[in-house]
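Colleague: What follows is a protein structure lacking sequence information:
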Ligand SMILES: O=P(O)(O)OC[C@H]1O[C@](O)(COP(=O)(O)O)[C@@H](O)[C@@H]1O
Ligand SMILES: [Mg+2]
Ligand SMILES: [Mg+2]
């Protein structure tokens with residue numbers, strides 16, 4: 001059993017690869033400690049007055065759950081002390097949060113979905129926190145929203161923490177994907193898997209089937225072929241999963257392969273998709289690519305997309321490389 005802590009792993013990465021400056025290592029550890037606090041709140045459930053609706057709305061036009069707000073506050077408060085962070089952006093906040101007493105000028109920007117899978121909070125199904133770290137652009141003016149609008153390829157760290165039967169932190173700093181399981185007795189994240197690899201093929205797809213009648217033709221074709229099974233053009237049977245927590249579906253794919261799709265559909269044709277580019281699709285896409293998978297919006301690599309708005313949405317197709325390439329091919333044929 002490994003006894004490599006997150007700290008030791010990051011120090012080792014810095015020593016051998018040199019691409020995790022001390023300030024970034026510190027930032028990742030602060031986020032990990034915040035996730036530990038969120039995990040404790042999640043585990044309290046009904047005992048901790050964390051369930052149910054907060055009765056307020058957010059910039060996404062969604063009713064916020066109490067835990068959405070609690071998780072957001074934990075992350076802001078944990079990172080507020082300044083250090084090398086210039087600013088933060090959250091699914092739960094309309095504008096950016098400039099870190100007041102930042103170290104001469106913060107070098108990093110932190111973006112997060114503080115609580116992903118909110119529809120599962122009250123039914124005791126796995127949920128999580130997703131985070132992404134960018135560098136502050138080199139110049140001497142203050143922090144504004146434009147500084148955050150960088151393509152996913154500019155991320156310097158990305159990860160999520162899944163609050164399930166285990167609390168597991170999954171991280172990439174550009175040198176593969178590592179998983180750390182929270183040892184509650186020690187109170188520390190322990191390295192339990194590194195060099196995570198996704199099989200290039202799969203027999204398992206994840207999509208919300210109730211939206212079938214709204215899908216675009218390439219998505220409908222792909223799913224119909226999966227449903228046709230052995231007798232159909234794919235010549236094999238497929239299984240389906242849909243947790244409705246992106247963190248849980250992505251964790252399954254990182255663990256055993258699969259394809260996850262939240263595509264554009266005609267319910268709201270002006271919206272490219274449901275999921276947000278900056279703090280859901282980009283961090284998850286980098287993790288998936290770092291593990292040997294692929295991630296597109298049906299036509300382009302998600303990490304190459306140049307964001308125009310902080311909360312912009314995107315169609316997401318990610319997971320086992322050969323399946324993602326097939327769905328993308330169907331969109332471009
Ligand atoms: O309920 P639906 O339409 O299936 O959507 C589920 C998707 O919505 C999300 O819950 C959106 O994330 P939030 O819960 O952070 O808003 C994803 O985690 C999940 O993949
Ligand atoms: Mg989310
Ligand atoms: Mg959320």
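Modeller: That came through fine. This one's a predicted model, so the numbers in the text were calculated from it and none came from an experiment. Ligands and ions are numbered 1, 2, ... in the order given.
Colleague: Please name every helix or strand in contact with the helix ranked longest in the chain.
Modeller: Scanning the chain for the longest helix, with DSSP state H as the assignment, gives helix 22-44. Contact here means 3 or more CB pairs under 8 Å, 6 or more residues apart in numbering; DSSP states H and E; on that basis helix 22-44 packs against helix 6-17, helix 66-79, strand 108-116, strand 127-135, strand 157-163, strand 167-172, strand 177-183. Bear in mind the C-beta positions are built from the backbone N, C-alpha and C, glycine included.
Colleague: Show me which positions of it end up buried.
Modeller: 24-28, 30-32, 34-36, 38-42 (16 or more other CB atoms under 10 Å).
Colleague: Which pLDDT value belongs to the residue in the chain sticking out farthest from the centre?
Modeller: Computed with CA atoms, centre = their mean, the residue of the chain farthest from its C-alpha average is residue 231, at 35.7 Å. Note for residue 231: predicted pLDDT of 98.
Colleague: Residue 46: neighbouring residues, count only.
Modeller: 10 (other CB atoms under 10 Å).
Colleague: And it, how close does it get to ligand 1?
Modeller: Computed as CB to the nearest ligand atom, to the nearest Å, the residue 46 to ligand 1 distance reads 20 Å.
Colleague: interface residues of this structure facing ligand 3?
Modeller: Residues of the chain that fall close to ligand 3, judged by CB under 5 Å from the ion: 91, 113, 115-116.
Colleague: from the residues you listed, which are also near ligand 1?
Modeller: Applying CB under 6 Å from any ligand atom to these, one finds that 91, 113, 116 fall near ligand 1.
Colleague: Model confidence for residue 17, exactly?
Modeller: 74.
Colleague: give me every residue that touches it.
Modeller: residue 175 (CB atoms under 8 Å, 6 or more residues apart in numbering).
Colleague: if I look at it, how far off is residue 10?
Modeller: Distance, residue 17 to residue 10, by CB to CB, to the nearest Å: 11 Å.
Colleague: okay, now the residue lying closest to residue 49 once chain neighbours are set aside: neighbour count?
Modeller: Sequence neighbours aside, residue 66 is the residue nearest to residue 49 in space, at 7.3 Å (criterion: CB to CB, 6 or more residues apart in numbering). Neighbour count of residue 66, defined by other CB under 10 Å: 20.
Colleague: wait, residue 66 sits on residue 45?
Modeller: No. Residue 66 is beyond contact range of residue 45, at 11.2 Å (criterion: CB atoms under 8 Å).
Colleague: between these two, what contacts are shared?
Modeller: Common neighbours of residue 66 and residue 45 (CB under 8 Å, 6+ apart) are residue 51.
Colleague: Show the low-confidence segments of this structure, by residue range.
Modeller: In the predicted model, the chain carries pLDDT under 70 at residues 1-2, 82, 101-105, 140.
Colleague: Flag every residue of it that's near ligand 2.
Modeller: Checking the chain against ligand 2 by CB under 5 Å from the ion, the hits are 113, 116.
Colleague: Using the record's assignment, carve the chain into domains.
Modeller: 6-193, 204-332 (automatic domain parsing).
Colleague: Count residues in the vicinity of the residue of the stretch 201-333 of the chain found nearest ligand 2, would you?
Modeller: Using CB to the ion, the closest approach of the stretch 201-333 of the chain to ligand 2 is made by residue 280 at 5.0 Å. Other residues near residue 280 come to 27 when the count uses other CB under 10 Å.
Colleague: Check the gap between the spatially closest residue to residue 11 that is not a sequence neighbour and residue 57 for me.
Modeller: With CB to CB, 6+ apart as the measure, residue 25 is the residue that lies nearest to residue 11, at 7.2 Å, once sequence neighbours are left out. Distance of residue 25 to residue 57, given as CB to CB: 37 Å.
Colleague: cool, residue 208 as well?
Modeller: 22 Å.
Colleague: coming back round to it: could you export the residues of the chain next to ligand 3 as a markdown table, including distance to residue 154 and neighbour count?
Modeller: Converted to a markdown table, those look like this (distance: CB to CB, whole Å; neighbours: other CB atoms under 10 Å):
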| residue | distance to residue 154 | neighbour count |
| --- | --- | --- |
| 91 | 19 | 26 |
| 113 | 18 | 29 |
| 115 | 25 | 32 |
| 116 | 22 | 28 |
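Colleague: Closest one of the residues you listed to residue 134?
Modeller: residue 113 (15.0 Å; CB to CB).
Colleague: Pretty sure that closest one sits against residue 75.
Modeller: No. Under the criterion of CB under 8 Å, residue 113 is not in contact with residue 75, lying 10.0 Å apart.
Colleague: joint contacts of the two?
Modeller: 90, 129, 131.
Colleague: Can you name the residues that contact the second one?
Modeller: Going by CB under 8 Å, 6+ apart, residue 129 touches 34-35, 38, 71, 75, 112-116, 160-161, 163, 247.
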